[in-house]
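1. Sequence unavailable; structure follows:
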């Protein structure tokens, strides 16, 4: 694993730290497994569905080998320079053991993080992304000391905007002509969530019976 760069917090090192990044996070319906290269074989088929990429500039993986290579890079949990944490999880259903999607967080030394997520098409509109993201964000705040979380979303992606609103995110900036992909121009929202606001939203979810459980 690449050791921390000069801009990395001193806490981003050591065996105990590496073990913490391998923690499996539990929610009522999901286990969030840290991503490894071995997951490529399982996720190749669902990640090849072009419907996943309607609102993002990326495309389906070019090959299983390319996906495995990317997962190998991400499984280091750190950027090559060592100045960012690249954290990725597979969302696995506790009921049948099958993967439902993927979560990711890029953590910066200044106490901020950017998140992204994808739920496989067959499991859309079942609440997995909300449940998984809530658990991931709580862990980022409680275990890594993250104070601000951001996300960038295509303005046409109504489902993702509603998901982030449920988690307590607020729209911070609208950018016209932010990107061009899939034959069209994308306008994007930047959304932000402060740790205190997330705790308030999480407490409300707890009262409604939607709080994820602990780690193992």
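-> Sure thing, it's come through. Quick caveat, the model's predicted, so the values are computed rather than measured.
2. Look up how far residue 155 lies from the residue of the chain most remote from its centre.
-> Within the chain, the residue lying farthest from the chain centre (Cα atoms, centre = their mean) is residue 183, at 26.3 Å. Residue 183 sits 16 Å away from residue 155, going by Cβ to Cβ, to the nearest Å. For every residue, glycine as well, the C-beta is placed using N, CA and C.
3. Spatially nearest residue to residue 149, not counting backbone neighbours?
-> residue 193 (4.5 Å; Cβ to Cβ, 6 or more residues apart in numbering).
4. And for residue 123?
-> Closest to residue 123 by Cβ to Cβ, 6+ apart is residue 100, at 4.8 Å.
5. Tell me how many other residues crowd the one you found.
-> Neighbour count of residue 100, defined by other Cβ atoms under 10 Å: 22.
6. Looks like it contacts residue 117 (just checking).
-> No - look at residue 100 against residue 117 with Cβ atoms under 8 Å: they stay out of range, at 10.7 Å.
7. Can you pull the residues that touch both of those two?
-> Residues touching both residue 100 and residue 117 (Cβ atoms under 8 Å, 6 or more residues apart in numbering): residue 132.
8. picking up where we left off before, a helix runs through the residue nearest to residue 123, doesn't it?
-> No - applying DSSP: H, G, I helix; E, B strand; the rest coil, one finds residue 100 to be strand, outside a helix.
9. that's a strand at the residue nearest to residue 149, yeah?
-> Yes - assessed with three-state DSSP, residue 193 lies in a strand.
10. Quick check: it vs residue 186, distance?
-> Separation of residue 193 from residue 186 (Cβ to Cβ) stands at 22 Å.
11. Which one's more surrounded, those two?
-> More neighbours surround residue 193 than the other of residue 193 and residue 186, with 24 against 20 (other Cβ under 10 Å).
12. where are the low-confidence patches of this structure?
-> 1-8, 10, 209-216 (pLDDT under 70).
13. ok so, going back, what separation is there between the residue nearest to residue 123 and residue 153?
-> Per Cβ to Cβ, residue 100 is found 20 Å from residue 153.
14. now residue 146
-> 19 Å.
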